[in-house]
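A.B. asks: Okay, predicted coordinates and the sequence, questions at the end:
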Amino acid sequence: MNDQSPDSPDSPDAPRGCPVAHGSAELTRLYGPEAATDPFGIYERLRKEHGSVAPVLLEGDVNAWLVLGYRDGRRVLDNPRQFARDARIWRDWREGRVAENHPLVPMVAWRPDCVSQDGEAHRRLRGAVNDGLQAAVARGIRRHATYFANKQIDAFADKGRADLVADYAGYLPMLILARVLGLSETEGRRLVESNAMVFQGGEEAIRHDGIIREILGDLTERKRAEPGSDFTTGLLEHHAGLDHDEVVSHLRLVLMAGHSTTSNLLARVLQLILTDASRLSGLTSGQLTITALVEEVMWNSPPLSVLPGRFAVSDVELGGHRIEEGDLLVLGLAPGNLDPEIRPDPDVSVQGNESHLAFSAGPHECPGQSIGMSIIQIAVDVLLHRLPGLRLAVPAEELTSTASTWMSVLDSLPVEFAV
């Protein structure tokens, strides 16, 4: 007689990928109060307990593997045949344990965009995105960045005080990307909150994802009727023949990924400049470049801490663990960059070293790197020229951050300057 319970790890009825299949009924959550305030503490504890790959729980106690090691991260990112991007093979999704209204869906579920596909389907869609982004650069990203940087600064330049997160970094990339896509400035400002809420997760993620899709769906129909010199028109007219859903999904992809990562990276670069007098003096004297500071931030506090997601195509060993077919893996970009195997001394300078994971890697490496870098270079340069005597208005140790599963965001950056 079989006396196994349905939840026993050896029971034939036990769902694969459940907590007991990972060997523990008490898995670490990558969400909640501790994750919001001390994500790096969680990464290091997991590394000590499990090595370079660790079983974790995502929002709603959904099972996943967090890849903490740099080399294992590269193995996953570089091998789509073993670790696919197509969420339709995600076992928890196929077997109904993740509902369509689950807050993870906007970040993890399959969509008709290049990020959700591999092989020829990925090449077709990625080619359309690359062509569109190259055309945007040719039309003048730096010009748009200069215009909106000055416009944002105009709103607080005569006050002598500002919050460079809420007043500057939080909006600037979105305004530039809205112009690139063909959206109005009003629509761009409206999208900032919705974009943040999707990355934050929780009950509001699905609703705000719907707002984003509605705005971008309306934009697609406008540009179909009245084409222009913008990214949306470029997708609609591309020889790859994207349908309506594919166009909207790629607008969403470029807008969300481009804004969140660039906004967070800009805030962290400004934080570094304003909390280290040598960095600020180096920039103003020309002895230090903004590019060097960006590289440092991308190593030590990348704008996206954890990258969703990859799915095991078949059973495979990774980091000493047995990953089962259909398992979800999320890539620890932040812990991977601090992996002691590649950075035994994290205080050693990384200047000139671009092998960080901040832009992902492999076939799905971020295609908008040059655009993000141009925005940050212009944003920092204009700010330092416009605001003489720029300095932090609070002690550096009072600056705080709040993390979601996917990113750690600087809460505020209060500054003072001469008027």
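C.D. replies: Yes, it's here.
A.B. asks: Could you identify the helix or strand that succeeds the lengthiest helix in the chain?
C.D. replies: Among the segments of the chain that qualify as a helix by DSSP state H, the longest is helix 119-154. Tracing the chain C-terminally past helix 119-154 and defining elements by DSSP states H and E, one meets strand 161-163 next.
A.B. asks: Direction included, what does that next one pair against?
C.D. replies: Here strand 161-163 is paired, per DSSP bridges, with strand 414-416 (antiparallel).
A.B. asks: And the contacts of the partner strand?
C.D. replies: 160-164, 274, 387, 389-394 (CB atoms under 8 Å, 6 or more residues apart in numbering). All C-beta spots, glycine's among them, are computed from the backbone N, C-alpha and C.
A.B. asks: Next: stretch 147-166.
C.D. replies: With contact meaning CB under 8 Å, 6+ apart, stretch 147-166 is reached by 167-168, 171-172, 175-176, 179, 267, 270, 378-379, 382-383, 386-387, 393, 410-419.
A.B. asks: Could I get the full set of strands for the stretch 201-350 of the chain?
C.D. replies: Ranges of strands in the stretch 201-350 of the chain, per DSSP state E, counting those that start in this stretch, are 306-312, 316-318, 321-323, 328-332.
A.B. asks: What's opposite residue 58 in the beta bridge?
C.D. replies: Going by DSSP bridges, residue 58 forms beta bridges with residue 62.
A.B. asks: Contact partners for it?
C.D. replies: Counting by CB under 8 Å, 6+ apart, residue 58 has contacts 29-31, 64, 104, 328, 330, 405.
A.B. asks: ditto for residue 333
C.D. replies: Residues near residue 333 by CB under 8 Å, 6+ apart: 73, 302, 304-307, 357-358, 360.
A.B. asks: can you tell me which of the contacts of residue 58 lies nearest to residue 193?
C.D. replies: Set against residue 193, the nearest of those by CB to CB is residue 405 (18.9 Å).
A.B. asks: How about the closest one: what's its closest non-neighbour residue?
C.D. replies: In this structure, residue 405 finds its nearest non-sequential neighbour in residue 30, 4.7 Å apart by CB to CB, 6 or more residues apart in numbering.
A.B. asks: quick one, phi/psi of that neighbour?
C.D. replies: The phi/psi pair for residue 30 (degrees, to the nearest 10) reads phi -90, psi 20.
A.B. asks: Can you give me the neighbour number for it?
C.D. replies: The burial count assigned to residue 30 is 27, neighbours taken as other CB atoms under 10 Å.
A.B. asks: Repeat that for residue 229.
C.D. replies: Other residues close to residue 229 by other CB under 10 Å number 10.
A.B. asks: what do you get for the one 4 residues further on?
C.D. replies: Residue crowding around residue 233 was assessed by other CB under 10 Å; the count is 21.
A.B. asks: measure the closest residue to it other than its chain neighbours to residue 236 for me?
C.D. replies: Using CB to CB, 6+ apart and skipping the chain neighbours, the partner closest in space to residue 233 is residue 227 (4.4 Å). According to CB to CB, to the nearest Å, residue 227 and residue 236 sit 7 Å apart.
A.B. asks: ditto for residue 204
C.D. replies: 30 Å.
A.B. asks: next one: residue 36
C.D. replies: 40 Å.
A.B. asks: Can you tell me which residue is spatially central in the chain?
C.D. replies: Taking CA atoms, centre = their mean, the centroid of the chain lies closest to residue 304, which sits 3.8 Å from it.
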